[in-house]
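Undergrad: quick one, what's the 3D model for this:
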Amino acid sequence: MPENEPRRKLLDIPHFRVLLIIAFATLISWAAWFLVIWELDPFTAASLALPLFFASSLLAFSGTFTLMLFFLKRWRAGDHIYLKHVTISLRQGILLSICTCICLLLLMLGLLRIWNGLLLVIFMMLLEFYLSSKDELN
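TA: Now for the predicted structure:
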């Protein structure tokens, strides 16, 4: 690194700032999820426990899947457009967490079967194919 070139701080990199915000929100979401699991009884306060459980699960899974998908894309990609990878990973992480939460809901209701899960996964894949084709057109 030349001496006349100033060092770039990590917080000056746009994708690093976004990932830091996502990681912080994910940690808070997992803390809320554990708090809901340990403190709320779904049998006595079902009207409060179940929506909080699914909301914290959705946020925690979204952040976790987003971070995992971003680092997988960064590891596999040949290009260095990391902000593009963040937006794609965020979209895919949200879709994957919605799919996971719907499967959890169906499991809780006793309605989850292999065919329901496969149809849900196929629907989410088709939605992702549609959204990614829209990205490529722009």
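
Undergrad: so residue 127 sits against residue 94, correct?
TA: No. If you go by Cβ atoms under 8 Å, residue 127 and residue 94 don't touch, sitting 10.8 Å apart. Every C-beta, even on glycine, is put in place using the N, C-alpha and C of the backbone.

Undergrad: for the protein, which spans come out with low pLDDT?
TA: Counting by pLDDT under 70, the chain shows low-confidence ranges at 1-12.

Undergrad: got a list of what residue 131 touches?
TA: residue 91 (Cβ atoms under 8 Å, 6 or more residues apart in numbering).

Undergrad: that one sits in which helix or strand?
TA: helix 114-137 (DSSP states H and E).

Undergrad: mind exporting the C-alpha coordinates of that helix to PDB?
TA: The C-alpha trace of helix 114-137 is given here as PDB (Å, rounded to 0.1, in the frame of the first residue of the first chain):
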ATOM      1  CA  ILE A 114     -44.200 -33.400   2.200                       C
ATOM      2  CA  TRP A 115     -46.400 -32.100  -0.600                       C
ATOM      3  CA  ASN A 116     -47.200 -28.800   1.200                       C
ATOM      4  CA  GLY A 117     -43.600 -28.200   1.800                       C
ATOM      5  CA  LEU A 118     -42.500 -29.000  -1.700                       C
ATOM      6  CA  LEU A 119     -45.200 -26.800  -3.200                       C
ATOM      7  CA  LEU A 120     -44.100 -24.000  -0.900                       C
ATOM      8  CA  VAL A 121     -40.500 -24.400  -1.800                       C
ATOM      9  CA  ILE A 122     -41.400 -24.500  -5.600                       C
ATOM     10  CA  PHE A 123     -43.500 -21.400  -5.200                       C
ATOM     11  CA  MET A 124     -40.600 -19.500  -3.500                       C
ATOM     12  CA  MET A 125     -38.200 -20.700  -6.100                       C
ATOM     13  CA  LEU A 126     -40.400 -19.500  -8.900                       C
ATOM     14  CA  LEU A 127     -40.800 -16.100  -7.200                       C
ATOM     15  CA  GLU A 128     -37.100 -15.800  -6.800                       C
ATOM     16  CA  PHE A 129     -36.600 -16.700 -10.500                       C
ATOM     17  CA  TYR A 130     -39.100 -14.000 -11.500                       C
ATOM     18  CA  LEU A 131     -37.400 -11.400  -9.200                       C
ATOM     19  CA  SER A 132     -33.900 -12.300 -10.400                       C
ATOM     20  CA  SER A 133     -35.000 -12.100 -14.000                       C
ATOM     21  CA  LYS A 134     -36.400  -8.600 -13.300                       C
ATOM     22  CA  ASP A 135     -33.000  -7.700 -11.800                       C
ATOM     23  CA  GLU A 136     -31.100  -8.800 -14.900                       C
ATOM     24  CA  LEU A 137     -33.400  -6.700 -17.200                       C
END
